[in-house]
Each structure stands twice: as structure tokens, then as C-alpha cells.
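Chemist: okay, here's the prediction I keep looking at, along with the sequence it came from:
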Amino acid sequence: MSRVGSVISGARERLGWRKESAEAKEERFYRAGQWQLVWWRFRRHKLAQAAAVVLAIFYIIAAFAEFLSPHDPLYRYKQFAACPPTGIYMRDLSGRFRAPFVYQVVRTRDPETMRPIYKANAEVTAPIKLFVHGSRYRLWGLFDCDLHLFGTEDPETAPLFLLGTDSVGRDVLSRIFFGGRISLTVGLIGVAVSFVLGLILGGISGYFGGAIDEVIQRIIDVLISLPTIPLWMSLAAALPQNWPQLRIYFATTIILSILGWTGLARVVRGKLLSMREEDFVLAARLDGESEWRIITAYMLPGFASYIIVSLTGSLPGMILGETALSFLGIGLRPPTISWGVMLQDAQDIMAVAQLPWVLSPVAFVITAVLMFNFLGDGLRDAADPYAM
Amino acid sequence: MASYIVKRIIRMIPQVFLISILAFIIIQLPPGDYLTEHLNRLRQSGRQQDEVEIRRWVQMYGLDRPMYEQYLKWITNIVFRLDFGYTFQWNKSVREVIASRMGYTLAIALFSAVFTWVVALPIGIFVAVKQYSIADYFFTLLGFIGLAVPGFLLAMVVMYVSYTQFGVKVGGLFSVEYQLQPWSWAKFVDLLGHIWIPIVILGINGTAGLIRTMRATMLDELRKQYVLVARAKGLSELKVLLRYPVRIAINPFISTIGWLLPWFFSGGTVVEIVLNLPTAGPALWRALMGQDMYLAGSYILISGTLVAIGSLISDILLAVVDPRVRFGSLEGQ
């Protein structure tokens, strides 16, 4: 009895319960459902929560890229090619404080190298405004609109390029926002495909066992042992060049998930095998439940959390995979915008030395991957709330 | 022990067989026939190919035969004559191209593995012993970043920094003046001056992962009673550590030999391309860009087989170190 008591109090400590009356605490612990316990545990993982918030922001940016980005990501400001990030000022020439503004930008050329040099013209200022009218777009293909969250009134003379422009004068920040739409969803769709494949094949393997199990396990052995990126590269390079953007995008996600399902299939199989022996499954069977119901209603909820963990864990790899493939020019191709496609501009180190701000997608890729890792870590800890 | 090794080798055979089928599928994937493609390209550039020569190629690879015969032809050529086919891009046999490059790839992978172990082993033990110290948090953070930042992005940043800050162009394995020279002491020294960059870049990811594994296993082992017993016997703390928990915690290191190889092939490919190394990865890339599929398929086959051998070696080593593996069923792992 005392051992059970200490285990429970240990679990409570881990779950971070505040001081309540002893009975109320025990009452809550016993009455809480599995997901409630998972949630309590997740709440203790501060880093994972912070990561979830950052990722939510990323996905919101991707969803509302048209509205949030100050420029059209494909529009080329010919007069501002390779323009460094615009400086934002709060104090004008006379030393007065004002709302944030930018100066008009004037282009000159370096007499020797003929490279453009951009100078601020302190005579003309343009305030940064919220909800400015700019380039027209159709939000989600539904609403005609020209409103942007922030920007300047006249981007042709006094533009706001927070992360500069690329070598042909496209705004890097706007492209990052739109690129996120592709780069962050490639993983999601890839994970969805992996999920279906992993669940079905892992389920078959674990449920039927025997020869089928053996075959599926050997196939997984082979797929796991293959070097991922070279395989992805070979498959992606085989995609016909003349396919439309959307089809290339979906084909890429499928390529990324070709290896992704193996991990999940292993998890599903292992859990099915171990749970078959559990008492509650035996009870259900004695109760006359059908096999299908035993799997879906009794066993699946028992390892759903592991599935979520396994899926979160495979997301960063897919995001990096898309980035690497597109960077090498064998994944997505322009005019599609993704973080990897943007990094194609950074292949030549001499060019990067001239306009280092084209490396800024790197920061976004790394942040996204790091946040998914933190989130996955938190979920892994929370997935098994009964573990002591 | 012998029966374990035999069983393990027998299990490897279907694995390599499946890899070869996959590699063959990759060769067949691009639409159209690569030979026709190649001849078109030659014709466009105004060069006429000898009809006899073409017929020789068609016959050699059985291109006029059904698919399974092509596969059999391809695989028998490889198994019995080590003939992986011909690359039109390089105008050489695939074997020559890969042989001249795979050596560097393996050398870099090997040294990266050594770097990984040398760095991760002591740090892993240290942070486990000093759990929740500043060093522990520091390396945990570093480990997270090391895991998240892929090698090729790191390589790009390293190249950028060294070019803008020190004016040094990182890349390649040799300075220009040594590139075509025969091997000499000076060339070797030059190689050493270049090769550490890919080794460190590739090693960092693995190091981050291994420190975490090492720390976790060490923490598990340190709580066990035999450690307490060892301490009670009056052994010095260092002896307690090295004689028992480290010996068990080192198992993941041995099993990593198996997955380090696919790992280096995988992450390494893009890093090698970015750093422009004369290794196998960039050759694969060029082959894919030019639809030179025999080279690409052979690369997948060879690296897949090397990986299978790698995991065989690590399984055997593991069985040597840990008797429980030997006596457990093969399914156990």
C-alpha cells in the first residue's frame, strides 16, 4: 500500500500539482482521463510550450502571407536589386522623435565595380504605416484585397525591405513568408502520408504476424538502412521537369514520406504486439467484442500519443529534406517559393559575400526545426503520463 | 557466437537483394531511355556517334530486352565482373568514377566517426556525472542546436564567415596547385589542412546526438545498485565509473557504427556538394542533374550495401561486447 501511495505522490509531483487537500488531489488524479494527464504533463514542459507558440506564429504567417508580407514576393523592383535591409529611423534630421519612418532610397553605382550602391536621401522621409494599400492579391483565392499589415505608401521610391532584396530586386522577407507556406506544409502533408502508410502497414504487421510480418519487417530494415538524402535526390531528380508546380509539390511530399512511415510502422507493430497480452484486451475479448472494435476502441487510444510523438519527430527531417532538395535544384523549382528554393541564390559564396541577407532563410529553417525538436521532446515526455 | 554471425549474414542477403532492386528502379525511373537521350544530345552538339558503337552499348546492357532480363544482366555484371555500367557524362566506367571518389567519402565518414566518439564520449560521461550543472545545461543546449542545424547549412555559414572575415575560400580537399599532382608529403599536408572542415561539420550533428544518448544511458546506469556496491567496496570514483556503467553505456557507441554510415552518406552528400569535395556525393548529384542513371543507381546500391555491412559489423561487435545480445533472439534488436 505504501509503495502505491509513494508512486502516486511521485506522479503528482511530476505533474506539478499545486497544494490542495490531499484527498482532492488524489481524487483529481484518479478521475483524470489519459489526455488530461498528458496535458498536465505537457504543461510542465515550458520549453515545449514556448516552441508550440513560435510554431503557431510561423503557421499563422504562412496562412496569411499575402496580408502580412509588405510586398508581392514575385515582383521585381528593378531599381532596387540587391538592396540591403532598409534602416528604420525614429529621429529625423532636426533631431525630433517621430513615429518609425524610412528614408527615400537613391541608387548610385560604384565607379570601379559598377555594383549598385544604395544611399538614403535624408530630405524625403516616408512613415511606416499599418494597413497600407499595396499590391493586389486574392487571399486564399477567395477575397480580392490590396491591404497589407505594414509598409510604406510608395514602395517604388521609399521602400521598406526589412531583410533586403535579392539579386533581381524581390523582397526577401515577403519571399520568406510565402516560402514558409511551402516549406512548413511539405512536412505536414508528408507526415499525413507517412501516418496512413505506417498505421496500415504497422497494423497489418502487428496484427497478422507470421510471414506477412516478416516480409514487412525486412522491407522496413532495407528502407531504414538506405541513406535518406541520396535516395530522395534520386527520386526527386526523376520527376519530369515539365510538370506543373502543384504536382511537383505533391510528388515531393510523397518522396519525403517514402521512408518516413517506417518508424511509425515499428511503433504501431510493437504496441499492438505488447497490448495483445494486456488484461483489458483479454477482458474485451471475453466480453465478445469484435476484433476490429478491440483494435480501434481499446488498443488504438492506448498508443495514440506515441503516434503523435513519432509524427512530430519526423517533421523536422522532412522540412530539412525539402530544403536540401530544393537547394540542390532537384526538388521544387522557381517560380515556386520555398526556403530551399530561396537558398539556391546562396550557392555561390562570392555572391553571398555581396548580399549576405539572402542567407536569412537559414535562420527560419533552423528556428522551425529547433522548435519542432523542442515540441517533440515535450510531447515525448507527456505521451506516457503513467510512466513514473 | 559463430552461429550468431552466420545467421546475421544470412539475414543480410535478402536485404542487399532488395537494395539492388531499388537501385535498379531508380535507374529506370526517368522517363525515356537515357541512351536515346544521350545520343540526341550528341547529335545536337553536332557529333555523330558510330552506329556500331551504339549497337554495342544496346547489346551490352540488353536495352532491347525486357525489364527483368535487364536487371539480371545488370546484377550479374556487377556480381561477377564488378561492372557497374558506363557513365556517358564522365565517359568512363561507373566503377572508375566511384572508386576514385568513394575512398575520400569513406575516409571523411571514418574520421567524422572518430571525431564524434572522441568528443562525445568524455562529454557524455561528464555531463551525466555532473547532472544539472552549468556544463550539463550548456551541452544540452549545444546538443539541441547541433541536432537541429543540418550540416549543409552549417557548411554555408562556415564558408561565408571564413570568406568575409578571413578572406579564405573554404572548399575542396586540396589547394589548386596540388589538385592534379601525384601524391607527395606536401600534398598530404595540404589535404590535412582542408579535410578537417568537412570532418568537423559532419561530426557535429552526430556528436550532439551521441552526447544525449550517452548521458541518458549513463544516468540510468548510475542509479543501479551495482554502482552502489562498487562504491561500498571502496573503489575509487573513477574506477567505479570506468569499470561498470561506462562499459554498458558504451553499447550505443558500438551500434552507431551501423547507423553512422547511412547517416554520413545522407547528411554528407549535401555537405560535400556545398564544400565542393572530390567525393562520391557530388558525383551522384552531377549524375542526377544529367540523368546519368547508371552512376546514380550504382551509388545507391554501393552505399546501401556498405551500410548493410556496417550494421553487420556493429551487430557482431555488440555481440562480442555484450553477451546478452548473443543469447537473445535475433528479433530482439
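Modeler: Arrived safely.
Chemist: what parts of the stretch 101-250 of chain B come near chain A?
Modeler: By the rule C-beta under 8 Å from any C-beta of the partner chain, the part of the stretch 101-250 of chain B lying against chain A is B:144-145, B:147-150, B:152-153, B:156-157, B:159-160, B:163-164, B:169, B:171. C-betas here are computed from N, CA, C, even on glycine.
Chemist: farthest pair within those?
Modeler: Spatially, the most separated pair among those is B:144 and B:169, at 30.9 Å (C-beta to C-beta).
Chemist: looking at the two, which is more packed in?
Modeler: Ranked by neighbour count (other C-beta atoms under 10 Å in any protein chain shown), residue B:144 and residue B:169 place residue B:144 first, with 17 against 13.
Chemist: what packs against the helix or strand hosting the more buried one?
Modeler: In the assignment (DSSP states H and E), residue B:144 maps to helix B:134-148. Packed against helix B:134-148 by the contact rule (3 or more C-beta pairs under 8 Å, 6 or more residues apart in numbering or on different chains; DSSP states H and E) you find helix A:360-383, helix B:94-129, helix B:185-222.
Chemist: buried ones among the residues of the stretch 101-250 of chain B next to chain A?
Modeler: Among these, those scoring as buried are B:144, B:147-150, B:152-153, B:156-157, B:159-160, B:163, B:171 (criterion: 16 or more other C-beta atoms under 10 Å in any protein chain shown).
Chemist: redo the residues you listed as TSV? Include pLDDT.
Modeler: Shown next, in TSV, are those (pLDDT from 0 to 100):
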residue	pLDDT
B:144	78
B:147	77
B:148	77
B:149	81
B:150	81
B:152	83
B:153	84
B:156	83
B:157	83
B:159	82
B:160	83
B:163	80
B:171	70
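Chemist: deepest-packed of the helices and strands packed on helix B:134-148, please.
Modeler: Among those, helix A:360-383 has the highest mean neighbour count (mean count of other C-beta atoms under 10 Å in any protein chain shown), at a mean of 21.
Chemist: counting by contacts, list what it packs against.
Modeler: When contacts are defined as 3+ C-beta pairs under 8 Å, 6+ apart, helix A:360-383 sits against helix A:34-44, helix A:46-63, helix A:172-208, helix A:300-328, helix A:339-343, helix B:134-148, helix B:151-166.
Chemist: tell me the most buried of those?
Modeler: Of the helices and strands packed on helix A:360-383, the one with the most neighbours on average (mean count of other C-beta under 10 Å) is helix A:339-343, at a mean of 27.
Chemist: next helix or strand past it?
Modeler: helix A:349-354.
Chemist: contacts only, for whatever residue of the stretch 101-250 of chain B ends up closest to chain A.
Modeler: As assessed by C-beta to the nearest C-beta, chain A sits closest to residue B:148 within the stretch 101-250 of chain B, at 4.1 Å. Residues in contact with residue B:148 (C-beta atoms under 8 Å, 6 or more residues apart in numbering or on different chains) are A:316, A:366, A:369-370, A:373.
Chemist: how about low-confidence regions in the stretch 51-200 of chain B?
Modeler: For the stretch 51-200 of chain B, the stretches with pLDDT under 70 are B:51, B:60-64, B:167, B:172, B:176-181.
Chemist: export the helix holding residue B:144 as PDB, just CAs?
Modeler: Extracted in PDB, the C-alpha atoms of helix B:134-148 (Å, rounded to 0.1, in the frame of the first residue of the first chain):
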ATOM      1  CA  ILE B 134      26.000  24.600 -15.800                       C
ATOM      2  CA  ALA B 135      28.100  22.400 -18.100                       C
ATOM      3  CA  ASP B 136      25.200  20.000 -18.300                       C
ATOM      4  CA  TYR B 137      22.800  22.700 -19.500                       C
ATOM      5  CA  PHE B 138      25.400  24.200 -21.800                       C
ATOM      6  CA  PHE B 139      26.000  20.900 -23.600                       C
ATOM      7  CA  THR B 140      22.300  20.100 -23.600                       C
ATOM      8  CA  LEU B 141      21.600  23.400 -25.400                       C
ATOM      9  CA  LEU B 142      24.600  22.900 -27.700                       C
ATOM     10  CA  GLY B 143      23.300  19.400 -28.400                       C
ATOM     11  CA  PHE B 144      19.900  20.600 -29.400                       C
ATOM     12  CA  ILE B 145      21.400  23.100 -31.800                       C
ATOM     13  CA  GLY B 146      23.800  20.600 -33.200                       C
ATOM     14  CA  LEU B 147      20.900  18.200 -33.900                       C
ATOM     15  CA  ALA B 148      18.700  20.900 -35.500                       C
END
